[in-house]
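[1] predicted model and sequence follow; I will ask about them next.
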Amino acid sequence: MNQYLFRLEFMVRDYELDMQGIVNNSVYQNYLEHTRHEYLKSCGIDFAAYTRDQINLVVTRAEIDYKFPLQSGDRFWVGLNTAKESRLRFVFYQDIYRMPDDKPILAAKIIGTALNSSGRPVTAPELEKALII
């Protein structure tokens, strides 16, 4: 298990399960996104202010390796690290572990960028400060 820049704990809710009684694969993306948003908020990034300034933070690619399913009532945590992939693209490396045994559940690489109102990539200075290289 790696050291993480940011960590957030969750618990699986019944409505997040699929017909097989495990967390639906799409729900994991909600867990990952919520963790990214909480991390950026902790760094002072205000999504509403960015939107008012016509800057949209968007995911351009998501790579997810599912390792083991979560079930109703499972407690888990998401670990997050960041990197700059290029001048305009940033990466969130995120892992999910079940608690209390820290069983690996998922590994993800989420790539994003900031776009202006015309859809062109732009730099976002506050975001760059939140990215640890």
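    Thanks, I have the structure now.
[2] any idea which strand is longest in this protein?
    In the chain, with assignment by DSSP state E, the single longest strand is strand 103-115.
[3] just the mean pLDDT for the next helix or strand after that one, thanks.
    Going down the chain from strand 103-115, the next helix or strand is strand 121-122, by DSSP states H and E. Averaged across strand 121-122, pLDDT comes to 92.
[4] in the helix or strand that strand 121-122 is followed by, which residues are buried?
    Under the assignment DSSP H and E, the closest C-terminal helix or strand after strand 121-122 is helix 125-130. Under the neighbour-count criterion of 16 or more other Cβ atoms under 10 Å, helix 125-130 has 127, 130 buried. In short, each C-beta sits where N, CA and C put it, glycine included.
[5] now helix 125-130, how far from the chain's geometric center?
    Its chain's C-alpha centre and that of helix 125-130 lie 16 Å apart, by Cα atoms, centre = their mean, to the nearest Å.
[6] end to end on stretch 42-52, go ahead and measure it.
    With Cα to Cα, to the nearest Å applied, stretch 42-52 spans 20 Å between its terminal residues.
[7] and it, what's buried?
    Under the neighbour-count criterion of 16+ other Cβ under 10 Å, stretch 42-52 has 45, 50 buried.
[8] now tell me what touches it from outside.
    6, 37, 40, 56-57, 114, 124, 126-127, 129-130 (Cβ atoms under 8 Å, 6 or more residues apart in numbering).
[9] pLDDT on the longest helix along the chain, on average?
    In the chain, ranked by residue count with DSSP state H as the criterion, the top helix is helix 25-42. Average pLDDT, helix 25-42: 96.
[10] and the angle from that helix to strand 103-115?
    Here helix 25-42 runs at an angle of 60 degrees relative to strand 103-115 (axes from the mean of the first three to the mean of the last three Cα atoms, to 10 degrees).
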